[in-house]
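**Q** generate a structure from the sequence data that follows.
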Amino acid sequence: MAAETHVFQTKVSKLLKLLANSLYSNKEVFLRELVSNASDAIDKLRFAAIAKPELLGSDPVFSIRISADKEAGTLTVSDNGIGMTLDEANEHLGTIAQSGTEDFLEHLSADEAKNAQQIGQFGVGFYSSFIVADRVTVVSRAATAGENEAVRWESDGSGTFTSELTTRASRGTDVILHLRDEDKNFLDPWTLRETITKYSDHISTPVYLLEEKPAEEGKTPDKDWVQVNDAKALWTLPPKEVTDDQYKEFYKHLTHDWEDPLCWAHNRVEGDLEYTSLLYCPSAAPYDLYNRDLQKGLKLFVERVFIMDRADAFLPNYLRFIKGLVDTNDLPLNVSRELLQESRVAAKLKKALTRRALDMFAKLADDKDAKEKYGVFWTQFGRVLKEGIVEDPDNRKAILGLLRFATTKAGASDITVSLADYVSRMPEGQKNIYYVIANTPEAAEGSPYLEGLKKKGVEVLLLWERIDEWMMGALTEFEGHKFIPATAADLELEGVKSKTDEAEKPSETSKEEDDKAVARFKAALGEKVADVRISDRLVDSAACVVGQHDQMLTEQMRRMLEAAGQTVPEEKYTLEVNLESPLVKKALKENDPTRFSEWADVILDQALLSEQGSLKDPAGFVKRLNALLLS
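**A** Next up is the predicted model:
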C-alpha cells in the first residue's frame, strides 16, 4: 500500500503553527507528554487484557523505552501498549476532538505566549513533539493486528501528514522525533535521564533509557537498557513520603495540564471501605466547565489496575472540575459504567470522596497563608460550587461555609465575605441575613431596596449571577439566621436600631394627609398596581415595587424561565412610595388630575426600571418624562 497524504484538521494546523513559533519556554515538557501517552496506552492494554488475556501474547511485561541516535539526530519513545490501527492513527493523530480547543485557539494571540501553557488542558500532548522536532514519525501496531498490519504515520507539521501500512514485529508504538539542530541537546543521555526523573519518576510503568556502558580502551562501548524511574504508583505511597513537587508533576502527568494544581488531597482509607484517593483542584477552569453534559470524572483503578477514565460515578456534578483518581479493592475488575451507577460501593465512595473534596477546599479557605489561592479558587469555580446548594442537601452546611459574597460593606468588587464573617459583625438586634439579587454588580450595589438597611447599618449580601436566584431559593438559614431578601414585601428589621432612629423628626404630614397621598396614587394608577403604600425601607429613592407575596417570581427568575421557552403569567406589584422624596412631594403638589397621573406613571416606571432593568413601553416612559420636564 502506497503512502496516502492527508490534510490536518484546521484546529491541528493552528496548534502546530503556534508550536512552530516557539511559544513554549520550557521545551523539555514534550518528553513528559510522550511518556504520559505511552503510559496511557499501556494502561488501556492492561485493562483490555483482563477480558482478553490473549492480547498480551508472548510480551506480558510492560515497559517504556527511550533511545537516542546522535548520528541520525533522532529520539525514539517506544511502548508495548495497546497500539493503533491505520484508521485510529489517522483519527487520533490528525484531529483534536477535545471540546473547547477551537475556542481557545481563536482567542490566543501571538503575544499571549504565557497562555500557551493552557494547551495541555485540551489533551493535545502528542503535538508538543513539534516543539523540538521538524519531523515526527510514528510506527504503531495494534494489539489485535498482525505483523503486516502496522501503520507508519509521518508529518513535518506543515499542514499535512502521510500514513501507510507497514510491518512491526510486536504490538506497541514508536514515536520517532527528528530533532532540530538547536534542540539536539535532548540526545544527551544525562539530559534525558534528568528530564525523565524530573517529570516521570512517579509513572508505575518502568521507563528504560538506552545508555552506553563504560568500555575498555580500544573497544566499542556496549549499550544497555537502564531503568531510570522508580516505577511506583505515587498514590500508593504514604502521603508523608511524597513531596509537593512530586504531587505537582503527577498532576500534570494525570491531566496533561501544564499548570500546577491549586491544591490536592491524598487519602488512604482502610476499614469497611478500602480505597486510596488523590484529588486535585486545577488552578484554572477549563473552557467546557459549564457544559454539564460533557463526560468528566476521576480515573478508576481497581487493585492498581487502570479500569476507566472519566468515571463520573464518584463525585457529584457540581464538583466536575476536580481531577484525580480513586483506587479500590472493593470493586470487580470487570466493572462497567452501568454497573457503577447501581453499585452500593460506588455510592459509598461518592459520599466519602465528596466529603474529601469539600474538606480540601475548607482547608484552603482556612489557611491564612493561602488567602490568595482561595480567591483564585472562588473566582474560577465559585459559580459551579453554588450548584451544590441545590443538588446536594446532605453537604449543604459544608458548602455554605465555602461560599463567598460581595456585600454592601465590602463592595461589589470584593467577593471575599463568608457567611461566618457576615454573622460575626451583625449589629445588636439583627437576627436575619439580608440579600439582594440584581442583574449586574452595579445594579445590586445601587439597589434602592438597600437604603433603609444601610441607614440602620445592616450589611446586605449582593448577588447578581444567574445561578444565585436558584441557589437562594434552596436556602432557609445559616446557623439559625434566616435568609431574607431585601425586596421582601413584609421586610422587618426586628430590634435593629440606628443611632439616628430616636433623633429622627416626625413626618410633617399627618396620618390623614399620608392616607390622602396614598389614595391619590391608587386612583391615578388603577389596575396598573396591586396596591400602594408608604415605604419604610426607602431613604433617597422616590418609590420601589414589591411582590404581593414572597412566592412571586423575581424578575431574574422570570427572564430565565422566558429564555427557556416557559410561559410566565403577568403579575402585579405593590408600589411603595417615599413621601419624604422631593420628587414625590413635587408630584403631590400637582392639582391637575391628568398631570398627576403622568407623575404617578413616571414614578411607577422608575420603580419598575430599578427592579427589572427594562420597561415594556420605554417610548411611553420617555414621552411622559419629557412632557413633565418641559412643562
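
**Q** all helices for the stretch 501-631 of the chain, in order.
**A** Secondary structure of the stretch 501-631 of the chain (DSSP state H, counting those that start in this stretch): helices located at 511-525, 555-563, 582-588, 593-612, 618-630.

**Q** out of the ones you listed, which is the most enclosed?
**A** Stretch with highest mean neighbour count among those: helix 593-612 (a mean of 19; mean count of other CB atoms under 10 Å). The C-beta positions use only the backbone N, C-alpha and C, and glycine is treated the same way.

**Q** can you list contacts of that one?
**A** 447-448, 487, 520-521, 524-525, 528-529, 541-545, 555, 573, 575-577, 583-584, 586-588, 590, 615, 621, 624-625, 627-628, 631 (CB atoms under 8 Å, 6 or more residues apart in numbering).

**Q** and the angle from it to helix 511-525?
**A** Per axes from the mean of the first three to the mean of the last three CA atoms, to 10 degrees, the angle that helix 593-612 makes with helix 511-525 is 90 degrees.

**Q** export only the CA atoms of helix 593-612, formatted as CSV.
**A** Written as CSV, here are the backbone C-alpha positions of helix 593-612 (Å, rounded to 0.1, in the frame of the first residue of the first chain):
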residue,chain,number,x,y,z
PRO,A,593,-55.6,65.1,37.8
THR,A,594,-54.2,64.4,34.3
ARG,A,595,-50.8,65.9,35.1
PHE,A,596,-50.7,64.0,38.4
SER,A,597,-51.5,60.7,36.6
GLU,A,598,-48.4,61.4,34.4
TRP,A,599,-46.3,61.9,37.5
ALA,A,600,-47.6,58.7,39.0
ASP,A,601,-46.9,56.8,35.9
VAL,A,602,-43.3,58.1,35.7
ILE,A,603,-42.7,57.3,39.4
LEU,A,604,-44.1,53.7,38.8
ASP,A,605,-41.9,53.3,35.7
GLN,A,606,-38.8,54.4,37.6
ALA,A,607,-39.5,51.9,40.3
LEU,A,608,-40.1,49.1,37.7
LEU,A,609,-36.9,50.1,35.8
SER,A,610,-34.9,49.8,39.0
GLU,A,611,-36.4,46.4,39.7
GLN,A,612,-36.5,44.9,36.3
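
**Q** quick check: angle from it to helix 618-630?
**A** Using the same axes, to 10 degrees: helix 593-612 against helix 618-630 is 130 degrees.

**Q** among the helices of the stretch 501-631 of the chain, which is nearest Leu209?
**A** Closest approach to Leu209 among those (CB to CB): helix 555-563, 58.0 Å.

**Q** just for the stretch 501-631 of the chain, where's the confidence low?
**A** The model of the stretch 501-631 of the chain has pLDDT under 70 over residues 501-509, 548-564, 567-569.

**Q** next: the chain.
**A** 1, 10-25, 95-124, 215-216, 218, 292, 493-509, 548-564, 567-569.

**Q** so it: which segments form each domain?
**A** 4-227, 234-368, 404-488, 511-556+563-630 (automatic domain parsing).

**Q** quick one: terminal-to-terminal distance for the third one?
**A** Counting by CA to CA, to the nearest Å, you get 23 Å between the two ends of domain 404-488.

**Q** for the helices of the stretch 501-631 of the chain, which one sits closest to Leu462?
**A** Closest among the helices of the stretch 501-631 of the chain, using CB to CB: helix 555-563, at 13.4 Å.

**Q** might one say that Gly442 is in contact with Ala412?
**A** You called it Gly, but residue 442 is Glu. Yes: contact criterion CB atoms under 8 Å: Glu442 and Ala412 qualify, at 7.0 Å.

**Q** overlap in contacts of those two?
**A** By CB under 8 Å, 6+ apart, no residue touches both Glu442 and Ala412.

**Q** more crowded one of the two?
**A** For Glu442 versus Ala412, neighbours defined as other CB atoms under 10 Å are more numerous around Ala412 (18 against 11).

**Q** from Tyr434, how far out is the closest residue to that one other than its chain neighbours?
**A** Once flanking residues are discounted, Ala412 sits nearest to Pro441: 3.8 Å by CB to CB, 6 or more residues apart in numbering. To Tyr434, Pro441 is 17 Å away according to CB to CB, to the nearest Å.

**Q** with neighbour numbers in mind, choose between those two.
**A** Set side by side, Pro441 and Tyr434 show more neighbours around Tyr434, with 25 against 17, by other CB under 10 Å.

**Q** identify each buried residue in stretch 313-324, please.
**A** Ala313, Phe314, Leu315, Pro316, Tyr318, Leu319, Arg320, Phe321, Ile322, Lys323, Gly324 (16 or more other CB atoms under 10 Å).

**Q** I'd like the helices of the stretch 501-631 of the chain laid out as JSON lines, including distance to Phe130.
**A** Below are these laid out as JSON lines (distance: least, CB to CB, whole Å):
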{"stretch": "helix 511-525", "distance to Phe130": "70"}
{"stretch": "helix 555-563", "distance to Phe130": "43"}
{"stretch": "helix 582-588", "distance to Phe130": "68"}
{"stretch": "helix 593-612", "distance to Phe130": "54"}
{"stretch": "helix 618-630", "distance to Phe130": "56"}
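
**Q** so for Ile66, which of those sits nearest?
**A** Nearest of the helices of the stretch 501-631 of the chain to Ile66, taken as CB to CB: helix 555-563 at 54.1 Å.

**Q** just the strands in the stretch 451-600 of the chain please.
**A** For the stretch 451-600 of the chain, the strands defined by DSSP state E, counting those that start in this stretch occupy 460-463, 477-478, 481-485, 531-534, 543-546, 574-577.

**Q** please name whichever of these is nearest to Pro239.
**A** For those, proximity to Pro239 was assessed by CB to CB; strand 477-478 is nearest, at 33.0 Å.

**Q** can you give me the neighbour number for Gly429?
**A** 12.

**Q** and it, how far is that from Asn267?
**A** As judged by CB to CB, Gly429 and Asn267 stand 44 Å apart.

**Q** now do Glu492
**A** Glu492 sits 47 Å away from Asn267, going by CB to CB.

**Q** ditto for Gly324
**A** Gly324 is 11 Å from Asn267, by CB to CB.

**Q** who touches both of the two?
**A** Contact criterion CB under 8 Å, 6+ apart; residues shared by Gly324 and Asn267: Ser277, Leu278.

**Q** in a strand, Val77, correct?
**A** Yes: counting by DSSP: H, G, I helix; E, B strand; the rest coil, Val77 is part of a strand.

**Q** surely Glu314 and Lys348 touch.
**A** Residue 314: Phe, not Glu. No: assessed by CB under 8 Å, Phe314 is found out of contact with Lys348, at 10.1 Å.

**Q** quick check on the residue nearest the centre of the chain: phi, psi?
**A** Nearest to the mean C-alpha position of the chain, counting by CA atoms, centre = their mean, stands Ala285 at 3.8 Å. For Ala285, the backbone dihedrals (degrees, to the nearest 10) come out as phi -70, psi 140.

**Q** nearest residue to it in space, please, no chain neighbours.
**A** Gln380 (4.4 Å).

**Q** tell me which of the domains of the chain sits nearest to Gly388.
**A** Set against Gly388 and scored by CB to CB, these come closest in domain 234-368, at 4.0 Å.

**Q** export the strands of the stretch 451-600 of the chain as JSON lines, with columns for distance to Leu298 and mean neighbour count.
**A** Formatted as JSON lines, the strands of the stretch 451-600 of the chain follow (distance: least, CB to CB, whole Å; neighbours: other CB atoms under 10 Å):
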{"stretch": "strand 460-463", "distance to Leu298": "32", "mean neighbour count": "24"}
{"stretch": "strand 477-478", "distance to Leu298": "31", "mean neighbour count": "14"}
{"stretch": "strand 481-485", "distance to Leu298": "34", "mean neighbour count": "16"}
{"stretch": "strand 531-534", "distance to Leu298": "55", "mean neighbour count": "17"}
{"stretch": "strand 543-546", "distance to Leu298": "47", "mean neighbour count": "25"}
{"stretch": "strand 574-577", "distance to Leu298": "51", "mean neighbour count": "23"}
